[in-house]
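# A structural model of the following input is requested.
(one chain, ligands or ions: 2)
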Amino acid sequence: MAGSFCFPQAGERYREMIIVLKPEADGAVAKEILEQIERLGCRPLHMPGSERVVLGALGDERVLGTLHLENHPMVERVQPILSPYKLVSREMQPDDTVVKIGGVPIGGGGFTVIAGPCAIESLEQCRATAMAVKAAGAPLLRGGAFKPRTSPYSFQGLGVEGLSYLQQVSEETGLPAVTEVVEVADVEAVEKRAAGFQVGTRNMQNFRLLRALGRSQKPVVLKRGMAAKMDDLLLAAEYILSEGNPNVVLCERGIKTFETATRNTLDLNAIPYIKERSHLPVIVDPSHGTGVRELVTPMALAAAACGADGILVEVHHDPPNALSDGAQSLTPEEFETLIEKLEPVVNAVNKKMTRCRSI
Ligand code: PEP
Ligand code: MN
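Numbers count the residues shown, from 1 in each chain. Ligands and ions are numbered 1, 2, ... in the order given. Below is the predicted model of the structure:
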């Protein structure tokens, strides 16, 4: 899915379609059709499936129609993509996408845990928590350097200094790290120092940021907006893919409801709903989804049971003294217990825990 997408021009009747080739069609046929699509100025897509070659074409429907691909002897059928999100839809790609963050897979048959502090507070804090996360067997580290806080008086994160600590600790432990990027101006700094971007709930519809991340090839963990519908999340992901970056992991992190006993309401409906419609991996953040330490483990288990591809969870070596989100952060011991409890649930849904590479 290389190259960026041409957004429809005025007067264009925009169309996306998939072209399913006959089982006997070979690579040369696929190449010939893709070249024809490209010659017309439309965007060709190659999606090798496990059973059948499926090609995609995006462009003006009047132009695409001139190819009469339905009459091609090696084409089984041509059908329009009906869902509002095209590139992220299962219509476009029936098989699950596996996104690799620093070489660690998310999606496919694995269950991947990303864990670490809400915010990077110091080198020592980041290191102590990362070592605990690694000892418990998690393969990926998280930690925020740029913190989007509701109050301007709350700890805002250490910025680029925090990114350097995260990079250092990531190198020391061998755990690839993801960290939040809050604006276009910081994309380059984060890209240089982390294995993956996180887009937070408050930025899910920052379309300029999404497009900028689409021009990178680094993976993006895209969190659902706290007041966004599931389809809005899928359309936000479409922005990133449409710019040429297919490496998107969706993250359900809870939404605002009338309930005030918990920080958010963790909408686990989103997991099977999205899995049905999209090939992208989906993970769950039970920390922000509940805001309550005691609820994190049960909801993480529920996430695994309903088909999530992993979790993003906050762990702190000393939660009572955390500078942000201490009330929802697990201690290293609680995190270790969570990992132990997860394994049988993950196995029960025919998945396998993705372990830390060096363990
Ligand atoms: C975070 O992961 O620390 C965070 C700020 O998450 P969210 O954007 O989901 O609130
Ligand atoms: Mn947090």
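
# Helix or strand for the nearest residue to E70 once chain neighbours are set aside, just tell me which one.
Distances taken as Cβ to Cβ, 6 or more residues apart in numbering place V78 nearest to E70, at 4.8 Å, with adjacent residues excluded. The way it works is simple: take the backbone N, C-alpha and C, and place the C-beta from them, glycine included. Per DSSP states H and E: V78 is located in strand 75-80.

# what residues does that strand touch?
15-22, 25, 33, 52, 69-70 (Cβ atoms under 8 Å, 6 or more residues apart in numbering).

# Which strands border it, and is each parallel or antiparallel?
According to DSSP bridges, strand 75-80 forms sheet pairs with strand 14-21 (antiparallel).

# Quick check: buried residues in the strand it pairs with?
The neighbour-count check on strand 14-21 (16 or more other Cβ atoms under 10 Å) flags R15, E16, M17, I18, I19, V20, L21 as buried.

# Report the contact partners of the residue in the stretch 251-359 of the chain that ligand 2 sits nearest to.
Going by Cβ to the ion, ligand 2 is nearest to D325 of the stretch 251-359 of the chain, at 3.8 Å. Listed by Cβ under 8 Å, 6+ apart, the contact set of D325 reads C118, A119, S287, H288, E314.

# Got the phi and psi for it?
phi 60, psi 30 (degrees, to the nearest 10).

# ditto for E259
Dihedral angles for E259 - degrees, to the nearest 10 - are phi -70, psi 130.

# so what's the residue nearest to G107 when sequence neighbours are not counted up against?
Distances taken as Cβ to Cβ, 6+ apart place P281 nearest to G107, at 3.2 Å, with adjacent residues excluded. Counting by Cβ under 8 Å, 6+ apart, P281 makes contact with D96, T97, V98, V99, I106, G107, V249, L250, D309, G310.

# so which of these is the most crowded?
The most crowded member of those, judged by other Cβ atoms under 10 Å, is G310 (32 neighbours).

# Please name the residues that touch it.
I106, G110, F111, T112, V113, I114, V249, P281, I283, V284, T354.

# Next step: those restricted to strands.
Counting by DSSP state E, the contacts of G310 place I106, G110, F111, T112, V113, I114, V249, I283, V284 in strands.

# Show me which residues of stretch 146-166 are buried.
F146, K147, Q156, G157, L158, G162, L163, S164, Y165, L166.

# swap in stretch 58-69?
Going by 16+ other Cβ under 10 Å, stretch 58-69 has these buried residues: L58, G59, D60, V63, L64, L67, L69.

# Then stretch 208-220?
For stretch 208-220, by 16+ other Cβ under 10 Å, it's L209, L210, R211, A212, L213, G214, S216, K218, P219, V220.

# With stretch 78-96 instead?
V78, I81, S83, Y85, K86, L87, V88, S89, R90, E91, M92, Q93.

# which non-adjacent residue is nearest the second one?
Taking Cβ to Cβ, 6+ apart, and ignoring the residues beside it in sequence, I81 has E16 as its nearest neighbour in space, at 4.4 Å.

# Next, the contact list for the nearest residue to S83 once chain neighbours are set aside, please.
In space, and not counting its chain neighbours, S83 is closest to S89: 4.4 Å by Cβ to Cβ, 6+ apart. Listed by Cβ under 8 Å, 6+ apart, the contact set of S89 reads I81, S83, L234, R277, S278, H279.

# Can you give me the distance of the first one to V282?
So the one you mean is I81. I81 sits 20 Å away from V282 when distances are taken as Cβ to Cβ, to the nearest Å.

# Check the second one too.
Relative to V282, S83 is positioned 16 Å away (criterion: Cβ to Cβ).

# For ligand 2, tell me whether whatever helix or strand A130 lives in is touching it.
Using DSSP H and E, A130 falls within helix 123-136. No. Helix 123-136 is not in contact with ligand 2 by Cβ under 5 Å from the ion; minimum separation 12.9 Å.

# ok, and for that helix, which residues are buried?
L123, Q125, C126, R127, A128, T129, A130, M131, A132, V133, K134, A136.

# now stretch 195-212
195-201, 203-206, 209-212.

# State the pLDDT value of the closest residue to ligand 1 within the stretch 151-300 of the chain.
Nearest to ligand 1 in the stretch 151-300 of the chain, going by Cβ to the nearest ligand atom, is G200, at a distance of 2.9 Å. pLDDT recorded at G200 is 98.

# quick revisit: what's the spacing between the strand holding V78 and its chain's center?
How far strand 75-80 lies from its chain's middle: 30 Å, per Cα atoms, centre = their mean, to the nearest Å.

# any idea which element T150 lies in?
Applying DSSP H and E, one finds T150 in no helix or strand.

# do you know how far the closest residue to ligand 2 within the stretch 1-150 of the chain is from ligand 1?
Nearest to ligand 2, among the residues of the stretch 1-150 of the chain, is C118, at 3.3 Å (Cβ to the ion). Distance, C118 to ligand 1, by Cβ to the nearest ligand atom, to the nearest Å: 5 Å.
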